[in-house]
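*Asks:* my questions are about this predicted structure, shown below with the sequence.
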Amino acid sequence: MKSYRDEAIVLRTHKLGEADRIITLLTAEHGQVRAVAKGVRKTTSKFGARVEPFSVIDAQLYIGRTLDTLTQVTSIAQYGDAIAADYDLYLAATVVVETAQRLTADTQDGTHSQYLLLLGALNALARGRHDPTLVRTSYTLRALALAGWAPSCFDCAVCGAQGPHGSFSIPDGGTVCDTCRPPGASSPAPDTVALLGQLLSGDWVRADRCEAYACTEASGLISSYTQWHLERRLRSLTVIDRSHQ
């Protein structure tokens, strides 16, 4: 099959030559795709504005040897304008799409579920449904769970002892009991650990009522947990760290 059609979210774009762009997409059925969008940087381009980051599109693509070619684009949802209008939303969305890109780069297993999860996160951010940091942390937790790296937020990640427990060990996979607690494990507040469980399960009724310190602490824990599993630092998190100094 020389061409295919799929729904997709634009994760990233960068320039190619004088008028083209390479678009990184997370598609609903074909996993992560890198495609050339020819002529989109020209003022006469028919779909240049439709392939900006955070956009949801109906895409027609032609299969190439190394890169596919984007031949037709119909806009489904343009979240970029609403997200770019608020700095906190933009930072959260940037982390979300970079996480999605890393988690789906080398596999197609579970990418449909990853696609739906990313779509929900961007929709929640653009519509201001919840605090941006909570959306980012919840998305990251659930995306990691789909990839097989769900942290334990209640029982001990090492021995399985019933929780709740007061320590969190990133290398060991989440909360740990006093017996299994390794040197260097963190001691988050009980409210923070409870919040992690709420965000992982999608319990927004309770998560939306969390204290600010729990939101901040949960975000920091999961950011470190994500980068430990990905074995590399997310560039977008560096921007967030700088913005809160």
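*Replies:* Okay, I see it.

*Asks:* who's in contact with the closest residue to residue 197 other than its chain neighbours?
*Replies:* Among residues not flanking residue 197 along the chain, residue 153 sits closest, at 4.0 Å (CB to CB, 6 or more residues apart in numbering). (Each C-beta comes from the backbone N, C-alpha and C, glycine too.) By CB atoms under 8 Å, 6 or more residues apart in numbering, the contact list for residue 153 reads 174-175, 193, 196-197, 200.

*Asks:* list phi and psi for residue 153.
*Replies:* Note on residue 153: its backbone torsions stand at phi -120, psi 10 [degrees, to the nearest 10].

*Asks:* and for residue 140?
*Replies:* phi -60, psi -40.

*Asks:* that one reaches residue 229, doesn't it?
*Replies:* No - at 10.4 Å, residue 140 does not count as touching residue 229 under the criterion of CB atoms under 8 Å.

*Asks:* more neighbours, these two?
*Replies:* Set residue 140 next to residue 229 and count neighbours by other CB atoms under 10 Å: residue 140 wins out with 24 against 18.

*Asks:* list the contacts of that one.
*Replies:* 95-96, 99, 222-223, 226.

*Asks:* for those residues, which one is nearest residue 64?
*Replies:* Proximity of the contacts of residue 140 to residue 64 (CB to CB) peaks at residue 99, which lies at 26.8 Å.

*Asks:* for the closest one, give me its contacts.
*Replies:* Taking CB under 8 Å, 6+ apart, we find residue 99 in contact with 139-140, 143, 226, 234.

*Asks:* avg pLDDT for whichever helix or strand it is part of?
*Replies:* Using DSSP states H and E, residue 99 falls within helix 87-103. Mean pLDDT, helix 87-103: 94.

*Asks:* that one: how far from the chain's middle?
*Replies:* Relative to its chain's centre, helix 87-103 lies at 5 Å (CA atoms, centre = their mean, to the nearest Å).

*Asks:* can you list the buried residues in that helix?
*Replies:* 89-103 (16 or more other CB atoms under 10 Å).

*Asks:* quick check: of those residues, which lies closest to residue 131?
*Replies:* Nearest to residue 131 among these, counting by CB to CB, is residue 92 at 9.0 Å.

*Asks:* picking up where we left off before, can I have the buried ones of the contacts of residue 153 as a ChimeraX selection?
*Replies:* Restricted to buried positions by 16+ other CB under 10 Å, the ChimeraX selection for these reads:
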select :174,175,193,196,197,200
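
*Asks:* from the contacts of residue 153, which land in strands?
*Replies:* In strands, judged by DSSP state E, the following of those are found: 174-175.

*Asks:* reformat the contacts of residue 153 as JSON lines; add distance to residue 183.
*Replies:* Converted to JSON lines, the contacts of residue 153 look like this (distance: CB to CB, whole Å):
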{"residue": "174", "distance to residue 183": "17"}
{"residue": "175", "distance to residue 183": "16"}
{"residue": "193", "distance to residue 183": "20"}
{"residue": "196", "distance to residue 183": "22"}
{"residue": "197", "distance to residue 183": "25"}
{"residue": "200", "distance to residue 183": "26"}
